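>>> got a predicted structure here, sequence first:
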Amino acid sequence: QVQLVESGGGLVQPGGSLRLSCAASGSIFSIYAMGWYRQAPGKERELVATISSGGSTNYADSVKGRFTISRDNAKNTVYLQMNSLKPEDTAVYYCNVDVRIRGAMAPISAWGQGTQVTVSS
């Protein structure tokens with residue numbers, strides 16, 4: 001199977017920055033799209049940013065110009081650089097990876113355990 005380990009969350013003041021990382025490990029044959037989602041208290045999980053295997057990116061309107069998603073294919077890792085953070089960015093952030101496991105015929109969608117990001121003064 002595949003494991004996703006997230007890191008980098010924490011408490012930051014408004015206007016500050018954080019960098020999230022998500023490393024995939026396990027019996028991986030190939031990784032396709034990678035992305036970040038977030039869920040604030042009382043709200044549904046929403047897409048933050050995605051990046052394709054070729055490097056094409058997509059962002060939620062609310063984070064465009066402030067967040068940057070990137071990936072290191074050699075390390076099976078996806079990053080989310082978050083700048084100019086706002087209190088409304090407070091949420092649990094989850095990474096999501098479309099991955100084909102060795103021996104499997106089709107990719108699956110795997111989720112990380114989530115990392116808390118709190119933006120507050």
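Structure received.
>>> how about the strands in the chain?
2-7, 10-12, 18-26, 28-39, 46-51, 57-59, 67-72, 77-82, 91-101, 108-111, 115-119 (DSSP state E).
>>> can you tell me which residue is spatially central in the protein?
Nearest to the geometric centre of the chain sits Trp36, at 2.8 Å (CA atoms, centre = their mean).
>>> that residue touches Arg71, doesn't it?
No: counting by CB atoms under 8 Å, Trp36 stays clear of Arg71, with 11.0 Å between them. All C-beta spots, glycine's among them, are computed from the backbone N, C-alpha and C.
>>> about what we covered before: and the residue nearest to the centre of the chain, how close does it get to Leu85?
Distance of Trp36 to Leu85, computed by CB to CB, to the nearest Å: 14 Å.
>>> one more: Gly16?
Noted for Gly16: a distance of 5 Å to Leu85, by CB to CB.
>>> could you check which of the two is surrounded by more residues?
Leu85 (22 against 14; other CB atoms under 10 Å).
>>> joint contacts of Gly16 and Leu85?
Shared contacts of Gly16 and Leu85, defined by CB atoms under 8 Å, 6 or more residues apart in numbering, comprise Val119.
>>> many thanks, I have nothing further to ask.
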